[in-house]
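Q: One predicted model, sequence on top.
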Amino acid sequence: MSDQLFSKWASESRQVRKNIIKMIHYAASGHPGGSLSMVEILFSLMAEGGVMRHSPVTPSHPDRDRLILSKGHGVPALYALYHHCGYDITNEELMTLRALESRLQGHPDRVRIPYLEASTGSLGQGASFAQGVAMGYKLNGIDKRVYCIVGDGEMQEGQIWEAGLSSAHHKVNNLTIILDYNKAQIDGHIDEVLSLEPVKDKWLAFGFHLHEVDGHSYQQLTTALRDTHPTKPSMIIAHTIKGRGVPFMEGKVDWHGKAPNSNELELALNSIEENSTIGLQGGANG
Amino acid sequence: MGKIATRKSFGQALAELGEIYPDIVCFDADLSKSTMSSLFANQFPDRFFEMGIQEANMIGAAAGISFTGKIPFICSFGAFLTGRFDQIRMSVGYSQANVKLVGTHCGVGIGEDGHSQMGLEDVALMRTIPKMTVLQPSGDRECRQMVEWAVKHQGPVYLRLTRQGLKEFDLPPFQLAIFPQLREGEKIAFLANGGLLESAYEAANRLSEMGIVNPAVYNLHTTKPLDGTFLTELAEKYKEFVVFEDHSTIGGSGAAIAEWMAEYAPIPRRVYRYGVKDQFGESGRPEDLYQKHGFTPEGIVTFFNKNS
């Protein structure tokens, strides 16, 4: 069953990756590296058969699982996923990314698109926001979960650790934070700029229920996402590859925030088409 | 009636309103006994979140919980709360989260604790955020009305409160952006808020008795939004305005009025900003600091003696 599902996702994710690249190409700016690195995380959460309970028919249902993208610069991937899931972002609208008057702002704007849940882009704030939503659910007696994707560069922000300290203290067990650990940020590799290590030990010490997974393995991601704790919030350290799926972008710091030109677009689209097994065999190790 | 600190009025009002509005929740960052949110906490322990000394996280969490139907009041000293400007700008402002920010201990009026604890730039910061409402009650009754107004209002509100007790004036019910008039006058109007309303009112009486000027006095309780129709009426009535506030003159209520008058007044009007003049606060007894900054009635009278 899950093999079939994962194969389906692996196949569908190619179109999502193509859309991400096209959107950023037409916008002539954006962040391909950190968008591509979290495609498998987003499929595991949002796609049909994924762990989140949500619906494009009732996007503001009070009892929905919610996803907050704290690393707001990865939003092209989120727009592409919402389009894929049947939300009201059309293919034409996808290509308006970053254009004047477009709902598809360069970073998430929840006023223009409420199902984005939070307006983010100034790094470090989404985990606190997610903690608050999760506390509200508990107060309202709603048995649903809040997921928050944070970037690795973003985890250098102190506020992420404030949210960690606080979520564990307040036993916000319906919160899952996912670290998209693609190892690169604008000025270089994470370990050169400001290392997070030993990141696993730190979150364990903070009192989180923790999984460390290959962030390009549907099997590992869905298993970890489903394994929650009765009192502790969850942290999933997802090892990923920046620019995953486009070989000439993979692992390259330079592709953090650069748009592909026409030649690079064509090259990228062709390589995505040929690469059909991402998500099935993983590929990112710690 | 003795003087009551607006922080106390706030705490009592929130505890009372908590009975009527079950969606009210309250957050504090280890200052609940000072901000008086402890009064709510005692009454509704399940709806009160002690966040520890984490203002940034508190602001983000409040923004999040507001999207589950709750009406969060988040409390700290105004300096500490608005010091986390980007969290307010993004998680509250840009997200249009229904968060009520309560900043206490505003102005040099807090006294001995000194600059680090004084909200002196809070109004300037908050009024740059689109759709933010900025309110400052002049006394107990008005503060209670503002708290209830904030509960009913959909959108972010900054409520600026004092540590010290304030004189209770006989005021009409709070109406957003319509400044109640405390004293009739001619040619010149004093607009004052918070701790400076009493001083401005007293000074106006004395200046009038001395035959120097006969200022009208208004309670400038709303710094944002401003009401164009109301301010046009004021601009037609008076030639000069002096805005009194226990806040930096840069970006505060005086600046807001000066900007409006410069841009929209039907006839050009002079606005003088009377506040803390581009300097840091310091330790001292509140009355000594008020004297130093010219915030006493005597100080204001002396200023007019020199300048008229």
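A: Alright, I've got the coordinates. Residues are numbered from 1 along each chain as shown, chains lettered A, B, ... in the order given.
Q: quick one, what contacts residue B:219?
A: By CB atoms under 8 Å, 6 or more residues apart in numbering or on different chains, the contact set of residue B:219 is B:138, B:142, B:169, B:171, B:179-182, B:192-193, B:197. Every residue, glycine included, has its C-beta placed from N, CA and C.
Q: Which among those residues count as buried?
A: B:138, B:142, B:169, B:171, B:179-180, B:182, B:192-193, B:197 (16 or more other CB atoms under 10 Å in any protein chain shown).
Q: where do the helices sit along chain A?
A: Remark: helices assigned in chain A by DSSP state H are A:2-27, A:32-36, A:39-46, A:75-84, A:91-94, A:126-140, A:158-169, A:190-193, A:199-205, A:218-226, A:262-274.
Q: Give the other helices and strands that the second one contacts.
A: Counting contacts by 3 or more CB pairs under 8 Å, 6 or more residues apart in numbering or on different chains; DSSP states H and E, helix A:32-36 is packed against helix A:2-27, helix A:75-84.
Q: switch the cut-off to 10 Å
A: On a contact count with 3 or more CB pairs under 10 Å, 6 or more residues apart in numbering or on different chains; DSSP states H and E, helix A:32-36 meets helix A:2-27, helix A:75-84, strand A:184-185, helix A:262-274.
Q: I'd like the ones you listed as a markdown table, with mean neighbour count and distance to chain B appended.
A: Formatted as a markdown table, the helices and strands packed on helix A:32-36 follow (neighbours: other CB atoms under 10 Å in any protein chain shown; distance: least, CB to the nearest CB, whole Å):
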| stretch | mean neighbour count | distance to chain B |
| --- | --- | --- |
| helix A:2-27 | 19 | 20 |
| helix A:75-84 | 25 | 14 |
| strand A:184-185 | 24 | 19 |
| helix A:262-274 | 15 | 31 |
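Q: Need those in JSON lines (columns: distance to residue B:25).
A: Below are the helices and strands packed on helix A:32-36 laid out as JSON lines (distance: least, CB to CB, whole Å):
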{"stretch": "helix A:2-27", "distance to residue B:25": "38"}
{"stretch": "helix A:75-84", "distance to residue B:25": "29"}
{"stretch": "strand A:184-185", "distance to residue B:25": "36"}
{"stretch": "helix A:262-274", "distance to residue B:25": "46"}
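Q: Now distance to residue B:202 and mean pLDDT too, for those, in CSV please.
A: What follows is the helices and strands packed on helix A:32-36, written out as CSV (distance: least, CB to CB, whole Å; pLDDT from 0 to 100):
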stretch, distance to residue B:202, mean pLDDT
helix A:2-27, 61, 96
helix A:75-84, 56, 98
strand A:184-185, 58, 94
helix A:262-274, 72, 95
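Q: how about the residue of the stretch 201-308 of chain B found nearest chain A, what does it touch?
A: Going by CB to the nearest CB, chain A is nearest to residue B:225 of the stretch 201-308 of chain B, at 18.5 Å. Residues near residue B:225 by CB atoms under 10 Å, 6 or more residues apart in numbering or on different chains: B:127, B:131-134, B:176-177, B:256.
Q: For residue A:12, state which of those is nearest.
A: residue B:131 (39.2 Å; CB to CB).
Q: residue contacts, that closest one?
A: Applying CB under 10 Å, 6+ apart, the residues near residue B:131 are A:111, B:92-94, B:96, B:155-156, B:224-225.
Q: Got a quick ChimeraX command for the buried subset of these?
A: To isolate the buried subset of those in ChimeraX, counting by 16+ other CB under 10 Å, use the following:
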select /B:92,93,94,96,156,224
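Q: now the contacts of residue B:131 as TSV including pLDDT and secondary structure?
A: Below are the contacts of residue B:131 laid out as TSV (pLDDT from 0 to 100; DSSP: H, G, I helix; E, B strand; the rest coil):
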residue	pLDDT	secondary structure
A:111	97	coil
B:92	98	helix
B:93	98	helix
B:94	97	helix
B:96	97	coil
B:155	98	coil
B:156	98	coil
B:224	98	strand
B:225	98	coil
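Q: Make JSON lines from the contacts of residue B:131 and add distance to residue B:84 to it.
A: JSON lines is the format used below for the contacts of residue B:131 (distance: CB to CB, whole Å):
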{"residue": "A:111", "distance to residue B:84": "21"}
{"residue": "B:92", "distance to residue B:84": "10"}
{"residue": "B:93", "distance to residue B:84": "12"}
{"residue": "B:94", "distance to residue B:84": "14"}
{"residue": "B:96", "distance to residue B:84": "18"}
{"residue": "B:155", "distance to residue B:84": "19"}
{"residue": "B:156", "distance to residue B:84": "14"}
{"residue": "B:224", "distance to residue B:84": "19"}
{"residue": "B:225", "distance to residue B:84": "23"}
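Q: in the stretch 1-150 of chain A, what spans have low per-residue confidence?
A: Scanning the stretch 1-150 of chain A for pLDDT under 70 picks out A:1.
Q: what mean pLDDT does stretch A:214-230 have?
A: Mean pLDDT, stretch A:214-230: 98.
Q: How about it, which residues are buried there?
A: Within stretch A:214-230, the residues scored as buried using 16+ other CB under 10 Å are A:214-222, A:224-225, A:228.
Q: Break chain B down into its structural domains.
A: B:4-166, B:181-307 (automatic domain parsing).
Q: so which of those gets nearest residue A:248?
A: Of all the domains of chain B, domain B:4-166 comes closest under CB to CB, at 33.8 Å.
Q: and the closest one, how far apart are its ends?
A: End-to-end distance of domain B:4-166: 6 Å, with CA to CA, to the nearest Å as the criterion.
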